[in-house]
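In: Mind looking at a prediction? Sequence and model below.
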Amino acid sequence: MNLGLEFKKTKRTGLIPAFAAGGILAASIPILNMAVRAEMYTGLVAAPVQILLDANWSIMSMLNLLLITVGATLLYHAEYENNALQKMCSLPARESGLFFGKFLLMILLCAMTLTLEALGIAFCTAHWFSQSAGLSAGLCTEILQNFGYELLLLLPAAALSLLLASACKNMWVSLGIGVICVFIATILPIGRFVPSLFPFAMPYRLLAGTAADIALAIAALLELSAISLGEIILIKIRRSLT
């Protein structure tokens with residue numbers, strides 16, 4: 001698992017600028033929304049961060065999921081190109097290390113994107129909600145808690161996207177399946193616990209300070225473990241067939 005090597009591979013894909021641009025685009029959504037309809041939200045009686053996330057998180061999380069789907073597809077397309085992955089199977093190296101290296105890279109890219117989005121929410125809170133009196137320590141803590149929770153909920157979708165990309169040599173197959181999963185998640189009743197267990201539906205849930213949040217976080221870790229095990233099984237099957 002060589003993170004430095006995975007970063008070098010991304011130079012040919014433009015993945016880091018793409019995630020940065022996606023993060024800036026997602027961060028601009030609440031800013032533009034508040035610039036046009038500030039009076040609709042500033043009069044609400046609730047925490048500013050919660051108001052902003054309730055109003056904008058649905059489209060922001062969809063952008064995050066689309067970025068993950070495209071990013072995972074590009075990461076493995078670079079490996080399948082010119083049969084690089086097949087050549088690697090002949091080397092005395094663990095192919096699972098390739099998967100987990102890419103997964104670690106995806107975590108860092110998602111963290112970068114969510115950081116940009118958190119800055120957008122922080123700007124909106126400080127600029128339009130005068131009662132917040134700027135960015136207090138409590139407000140910063142609330143933003144960090146919300147976006148840390150969202151990062152955890154993104155991990156199963158990132159791992160599943162990588163699993164699909166590693167299983168499909170044709171990048172359009174894994175990309176198509178990923179996009180379908182993203183849009184399936186938009187029609188699920190994510191207010192209920194069971195439908196929200198779908199990996200691509202998890203990121204739509206917001207931190208509400210209830211027991212369901214803890215249960216969903218545990219479910220995300222369990223799904224992450226199951227997907228990782230699925231990748232290891234897939235590698236063993238692929239090696240036995242080659």
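Out: Cool, got the structure.

In: How many neighbouring residues does residue 172 have?
Out: Residue 172 has 10 neighbouring residues, counting by other C-beta atoms under 10 Å. In this view, the C-beta of every residue, glycine as well, is placed from N, C-alpha and C.

In: Just the element for the residue nearest the centre of the chain, please.
Out: Nearest to the mean C-alpha position of the chain, counting by C-alpha atoms, centre = their mean, stands residue 154 at 3.9 Å. Secondary structure assignment for residue 154, by DSSP states H and E: helix 137-167.

In: For that helix, buried residues please.
Out: Judged by neighbour count using 16 or more other C-beta atoms under 10 Å, the buried positions of helix 137-167 are 139, 142-143, 146-147, 149-167.

In: With stretch 211-225 instead?
Out: Applying 16+ other C-beta under 10 Å to stretch 211-225 flags 216, 217, 219, 220, 223, 224 as buried.

In: Can I get those residues in JSON lines including distance to residue 238 and pLDDT?
Out: Shown next, in JSON lines, are those (distance: C-beta to C-beta, whole Å; pLDDT from 0 to 100):
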{"residue": "216", "distance to residue 238": "32", "pLDDT": "94"}
{"residue": "217", "distance to residue 238": "32", "pLDDT": "95"}
{"residue": "219", "distance to residue 238": "28", "pLDDT": "96"}
{"residue": "220", "distance to residue 238": "27", "pLDDT": "96"}
{"residue": "223", "distance to residue 238": "22", "pLDDT": "96"}
{"residue": "224", "distance to residue 238": "21", "pLDDT": "96"}
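
In: right, and out of these, which lies closest to residue 113?
Out: Distance to residue 113 across the buried residues of stretch 211-225 (C-beta to C-beta) is lowest for residue 220, with 17.6 Å.

In: doesn't residue 151 make contact with that closest one?
Out: No - Residue 220 lies out of contact with residue 151 (C-beta atoms under 8 Å); the separation is 10.1 Å.

In: what about the helices in the protein?
Out: Secondary structure of the chain by DSSP state H: the helices cover 3-9, 15-42, 48-80, 84-89, 95-128, 137-167, 171-187, 211-241.

In: for the third one, packing partners?
Out: In this case it means helix 48-80. On a contact count with 3 or more C-beta pairs under 8 Å, 6 or more residues apart in numbering; DSSP states H and E, helix 48-80 meets helix 3-9, helix 15-42, helix 84-89, helix 95-128, helix 137-167, helix 171-187.

In: Where does the prediction get shaky in this structure?
Out: 1, 82-93, 130-135, 242 (pLDDT under 70).

In: For residue 10, which non-adjacent residue is closest in space?
Out: Counting by C-beta to C-beta, 6 or more residues apart in numbering, residue 10 lies nearest to residue 16, which is 5.6 Å off, once chain neighbours are set aside.
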